[in-house]
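Trainee: what's the 3D shape of this:
(2 chains)
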Protein chains: 2
Amino acid sequence: MFPRPSTSFPKMLNRTKLCQASVVGSNRTMSSSDKLQQQKVLTVDTINPNVLTMEYAVRGPIVIRAVELEKQLAKKESLPFPSVIRANIGDAHAMGQTPITFIRQVIAGITEPALIKQQPNLFPEDVQRKVASLLHACGGGSAGAYTQSTGIDLIRQHVAQFVERRDGFPCDPESVCISGGASESIRNVLKLFVRPNIGTGGQKAGILVPIPQYPLYSASIEEYNLGQVGYYLDEENNWALDMDELERALKETEHDVKAIVVINPGNPTGQVLSRANIESIIQFAHKHRLYIFADEVYQENVYAEGAEFHSFRKVMFEMGAPFDKLELASFYSCSKGYMGECGLRGGYVQFDNIDPTVYVHFKKMISAKLCSTVLGQVAMDCVVDHPKPGDPSYDQWLKEKTAVLDSLHKRAQLVTKAYNQVEGVHCQQVQGAMYAFPRFLLPDKAIAEAKASGVQPDFFYVKQLLEETGVCVVPGSGFGQRPGTFHFRTTILPPIDIFEDMLNRFGAFHKRFLAKYK
Amino acid sequence: MFPRPSTSFPKMLNRTKLCQASVVGSNRTMSSSDKLQQQKVLTVDTINPNVLTMEYAVRGPIVIRAVELEKQLAKKESLPFPSVIRANIGDAHAMGQTPITFIRQVIAGITEPALIKQQPNLFPEDVQRKVASLLHACGGGSAGAYTQSTGIDLIRQHVAQFVERRDGFPCDPESVCISGGASESIRNVLKLFVRPNIGTGGQKAGILVPIPQYPLYSASIEEYNLGQVGYYLDEENNWALDMDELERALKETEHDVKAIVVINPGNPTGQVLSRANIESIIQFAHKHRLYIFADEVYQENVYAEGAEFHSFRKVMFEMGAPFDKLELASFYSCSKGYMGECGLRGGYVQFDNIDPTVYVHFKKMISAKLCSTVLGQVAMDCVVDHPKPGDPSYDQWLKEKTAVLDSLHKRAQLVTKAYNQVEGVHCQQVQGAMYAFPRFLLPDKAIAEAKASGVQPDFFYVKQLLEETGVCVVPGSGFGQRPGTFHFRTTILPPIDIFEDMLNRFGAFHKRFLAKYK
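Mentor: All right, here's what the predicted structure looks like:
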């Protein structure tokens, strides 16, 4: 399914005259030892085999093709659609969402302090105050200095205060490590489970992940030679976690399961877990001694009536002994929510009940990466320590935040309704996060044709959708789905007018597709 | 040598009343199955063993202790010195170096475009031009959008143009991947060599690294279960690479050597390799079919008369066939040079002769990390595409750049001279980079006492230096050194007055130390 290198790397292959000349020359006179030396060190046969097999669909071949199509449109080439609509990735700003002014003013002030010095009224007083306190916390008073590997202490304190306010339980700043987005933290914690010496026959450390899941997990688990143990989410029950299914997954795996990943609100599935569901998961983790990864990056993105975000940490501590001693890593980010600052790369992991010696080694491990970006850390700071009522920036901050969340709310309702109106498409309610994961029926003829061309049926469908309409979504097989079912993930991020255009293009395509393959 | 968790993680251990209560309660009534369930999933026995054994001295126990001492001084506690002088890490801004205005203006403009909209004359015209073109290259015109995993195309083009100008050979933008500092790229390329299925007895892929080396390499090689194969640099020959020593290292190792790392200018050793030396290394890599890692992050930092930076790429292409087909990854960063923007996290790898299929998989692998920070990418852009003569920012940019490099030049001369004046200390000329790596003789009594307390003799010395004088340097054992020799790494970054203070504190300490242990 992966594109051939010849299309994705065209210029480098026939690049320097110098190299071409020497290839020709040496082919003529090459001895066998010369030939050996001409072989590359790194080839498809010698590369890390886990790098070879890992996949990351959110930036996979469909998206690579979408970029090509965009370039063709930019060159005014004729295509059957006027624009590519990128609904493949939770990238709010790329879809036109406006940044939160407070965040951007703070970062600009920290980057170029001369601005404030020269124009004391350039930014509101609370922005200036934050700039001053954060600069004071930077080495040499500059965003250009490395920070501790765990992040700037002041920001860790703000994170801990945020977590305390949210959960009603104390949180130690020392339990917080800031990272370049939540992804980096998730990958860092996964690494602790790696067994480098198991060989080919050994038992891998198993990680329970939801199916469908966000492919950061499957890709990283594969890269690190861990064992992915999938548990199916219950689609008909709005993608809730079913305890019998968790037990089944645990029972049937060959791996030595050590951890469970829960994504709440769900990606790609958009559900918001009930408190009761979270309690059951915690009981399950306790029963089987599992480390809990609580991926809570969408905690601000809850839309459905009656749905509410409950952090795993809060529920676990409220449940009391013996559950309150479970090992928990919870993840948050400045890339989602109302801020959508994906490009700034801010996020963190906050640990509870981690073994102190393990934590020392964790911090040592991340120290080899030096530190995450100061300006990303600052973005994360602005999320956990935002303007309060009475602060000069508060009104504008609240207005901007509310506008984004209200609009996402509208689109979440719209998308569910729109997909359910299409024949053979069924979409669960988007309760939270930024995605819908509609299920669609495929005619047997289409499935057969897909298989004949060696691709997954949902890939076959999504590829045609892209080529005919410019709508870019990700096939469900990139996230995992029950065998024989087909889905795709679409974001709810395109602005309303583009979003409606997208739904129209999709509806028309789907009708044509069914007619073609019925 | 690693600090005990009880000192480094004090607050979390006796933190929530809730947890303490439950620990007491369950200890009283615990059944054996309860006890099993109380054991942590991740302990020192179950953690990834390579995480346990990896070390990263630049942020190791000496530095952790220096931070503690700084906090004590901040609380006005009485210590035998008025300040901690951090000469442990190449962190120029933390030591007071002023940021380059052009870089900071461009980043501020990109972060908060409203500034330029509201005040069209806020920044010089060339800054505005760059801001506009980079914003145009960002998704949705915002620094908050993800970029391609390889980086913003426009910046990759600027990097390729920079490399072309530097080397005189064409460079394809497609061969460039931007990352969060050079470290991230180095780690990414190392990962390609990992053999996840070798088991305990199997042959690891070996990576030749200089000794002394920058511990990013030793730490990452250990973390990835690769095999470190050290080759000693020739101290008496100003840390040059000796070909016989390379052959020896290759011959004596148990690993299957696949790559060679060269750091030029050297870290921690400060040498600048001659063109002849680079040619010999390339011949060696060709003879033994080795992948070349050219760590050239200090390419702007060359001070010694007659010394000149030669990129591996340029030398390799100038040597022609068959050497010009060697696989080479070269690394650069915005953290060093005259800009010193460590905290912004910008860097890149540029590949030559990489197998196209391997490259497809490399790009897929990094795609699971989404992308590096946009503002770090922008910092890198400002380095490779800086103001030109005639641009409104040129004069100030040149003045600021020259001031930094001139001052580093002075300190490089000063440090060599100063250390060589101390009895029993010998320091090679600092030709480039930001470090000196002086060698010092230790009295037998000191060596014996260090061994008796279970630490390396150079650690023993450096720890006392810190405790008695506040001077923080890194023991040579963190970088590697010939057995029986002792060094430390010091940066040349403290400002001249602090630098002189540091040298004075060191000189007095060294005298006392010798007297104490003679």
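
Trainee: CA only for contacts and neighbour counts going forward, please
Mentor: Will do.

Trainee: which one is the residue of the stretch 401-518 of chain A found nearest chain B nearest to, not counting chain neighbours?
Mentor: Per C-alpha to the nearest C-alpha, A:P494 is where the stretch 401-518 of chain A lies closest to chain B, at 11.1 Å. Sequence neighbours aside, A:M95 is the residue nearest to A:P494 in space, at 5.3 Å (criterion: C-alpha to C-alpha, 6 or more residues apart in numbering or on different chains).

Trainee: contact partners for the one you found?
Mentor: By C-alpha atoms under 8 Å, 6 or more residues apart in numbering or on different chains, the contact set of A:M95 is A:86, A:493-495, B:139-140.

Trainee: change it to 7 Å
Mentor: The contact partners of A:M95, by C-alpha atoms under 7 Å, 6 or more residues apart in numbering or on different chains, come to A:493-495, B:140.

Trainee: pLDDT score for it?
Mentor: Here the pLDDT value assigned to A:M95 is 90.

Trainee: same check, this time on the one 5 residues further on
Mentor: Per-residue confidence for A:I100 comes out at a pLDDT of 98.

Trainee: what do you get for the one 5 residues further on?
Mentor: The per-residue pLDDT reported for A:Q105 equals 98.

Trainee: name the helix or strand for it, please.
Mentor: Counting by DSSP states H and E, the secondary-structure element that holds A:Q105 is helix A:101-111.

Trainee: re the thing from before, which of the contacts of A:M95 has the largest number of neighbours?
Mentor: Each of those was scored for neighbours by other C-alpha atoms under 10 Å in any protein chain shown, and A:L493 scores highest at 26 neighbours.

Trainee: count the residues that sit near the closest residue to it other than its chain neighbours.
Mentor: Taking C-alpha to C-alpha, 6+ apart as the measure, A:L493 lies nearest to A:A92, with 5.9 Å between them; neighbours along the chain are not counted. Taking other C-alpha under 10 Å as the neighbour definition, A:A92 ends up with a count of 32.

Trainee: surely A:A92 is in contact with A:I492?
Mentor: No - applying C-alpha atoms under 7 Å as the test, A:A92 and A:I492 come out as separate, 9.2 Å apart.

Trainee: contacting residues for the spatially closest residue to A:I498 that is not a sequence neighbour?
Mentor: With sequence-adjacent residues excluded and distances taken as C-alpha to C-alpha, 6+ apart, A:I498 is closest to A:I85, at 7.7 Å. Contacts of A:I85 were listed using C-alpha under 7 Å, 6+ apart, and they are A:470-472, A:502.

Trainee: same thing but 8 Å
Mentor: The contact partners of A:I85, taken as C-alpha under 8 Å, 6+ apart, are A:470-472, A:494, A:498, A:502.

Trainee: one more: A:L226?
Mentor: The neighbours of A:L226, taking C-alpha under 8 Å, 6+ apart as the test, are A:193-195, A:204-207.

Trainee: which of those residues sit farthest apart?
Mentor: With distances taken as C-alpha to C-alpha, the most widely separated pair in the contacts of A:L226 is A:R195 and A:I207, at 12.7 Å.

Trainee: look at these two and report which has more neighbours.
Mentor: A:I207 (28 against 23).

Trainee: which single residue in the stretch 101-250 of chain A comes nearest to chain B?
Mentor: Closest contact between the stretch 101-250 of chain A and chain B, by C-alpha to the nearest C-alpha, is at A:G199 (3.5 Å).

Trainee: and the closest residue to that residue other than its chain neighbours, how many residues sit next to it?
Mentor: Distances taken as C-alpha to C-alpha, 6+ apart place B:G199 nearest to A:G199, at 3.5 Å, with adjacent residues excluded. For B:G199, the neighbour count with other C-alpha under 10 Å is 17.

Trainee: what do you get for the one 3 residues further on?
Mentor: For B:G202, the neighbour count with other C-alpha under 10 Å is 12.

Trainee: pLDDT weak spots in the stretch 151-300 of chain A?
Mentor: Residues of the stretch 151-300 of chain A that meet the criterion pLDDT under 70 are absent altogether.

Trainee: who in it is up against chain B?
Mentor: Contact residues of the stretch 151-300 of chain A with respect to chain B, defined by C-alpha under 8 Å from any C-alpha of the partner chain, are listed as A:170, A:172, A:174-175, A:180, A:183-184, A:191-200, A:215-216, A:219-220, A:224-225, A:258, A:286-291.

Trainee: narrow those to those that are buried.
Mentor: Judged by neighbour count, with 16 or more other C-alpha atoms under 10 Å in any protein chain shown as the criterion, the buried members of these are A:172, A:174-175, A:180, A:183-184, A:191-199, A:215-216, A:219-220, A:224-225, A:258, A:286, A:289-291.

Trainee: separation between A:E164 and A:L328?
Mentor: 15 Å (C-alpha to C-alpha, to the nearest Å).

Trainee: more crowded one of those two?
Mentor: Here A:E164 and A:L328 are compared on neighbour count by other C-alpha under 10 Å; more neighbours surround A:L328, at 23 against 15.

Trainee: so A:Q203 sits in a strand?
Mentor: No - checked against DSSP: H, G, I helix; E, B strand; the rest coil, A:Q203 lies outside a strand; its state is coil.

Trainee: ramachandran coordinates for it?
Mentor: For A:Q203, the backbone dihedrals are phi -90, psi 120 (criterion: degrees, to the nearest 10).

Trainee: my guess is it meets A:T253, correct?
Mentor: No - in this structure, A:Q203 sits apart from A:T253 without contact. The criterion is C-alpha atoms under 8 Å, and the distance is 10.5 Å.

Trainee: who touches both of those two?
Mentor: Overlap of the contact sets of A:Q203 and A:T253 (by C-alpha under 8 Å, 6+ apart) is empty.

Trainee: close to chain B: what parts of the stretch 351-500 of chain A are there?
Mentor: Contact residues (C-alpha under 8 Å from any C-alpha) of the stretch 351-500 of chain A with chain B: A:354-358, A:360-362, A:364-365, A:367-369, A:371-376.

Trainee: can we see that at 7 Å?
Mentor: Counting by C-alpha under 7 Å from any C-alpha of the partner chain, the stretch 351-500 of chain A comes close to chain B at A:355-358, A:360-361, A:365, A:367-369, A:373-375.

Trainee: make CSV out of the residues you listed and add pLDDT.
Mentor: Putting those into CSV (pLDDT from 0 to 100) gives the following:
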residue, pLDDT
A:D355, 95
A:P356, 94
A:T357, 93
A:V358, 95
A:V360, 93
A:H361, 93
A:M365, 92
A:S367, 89
A:A368, 84
A:K369, 83
A:T373, 97
A:V374, 97
A:L375, 97
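
Trainee: reformat those residues as CSV; add secondary structure.
Mentor: What follows is those, written out as CSV (three-state DSSP):
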residue, secondary structure
A:D355, coil
A:P356, helix
A:T357, helix
A:V358, helix
A:V360, helix
A:H361, helix
A:M365, helix
A:S367, helix
A:A368, coil
A:K369, coil
A:T373, coil
A:V374, helix
A:L375, helix
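
Trainee: so where do the strands sit in the stretch 101-250 of chain A?
Mentor: Under the criterion DSSP state E, counting those that start in this stretch, the stretch 101-250 of chain A carries strands at the ranges A:176-179, A:205-211, A:227-232.

Trainee: does anything pack onto the longest one? Which helices or strands?
Mentor: In this structure, strand A:205-211 makes packing contacts with strand A:227-232, strand A:256-263, judged by 3 or more C-alpha pairs under 7 Å, 6 or more residues apart in numbering or on different chains; DSSP states H and E.
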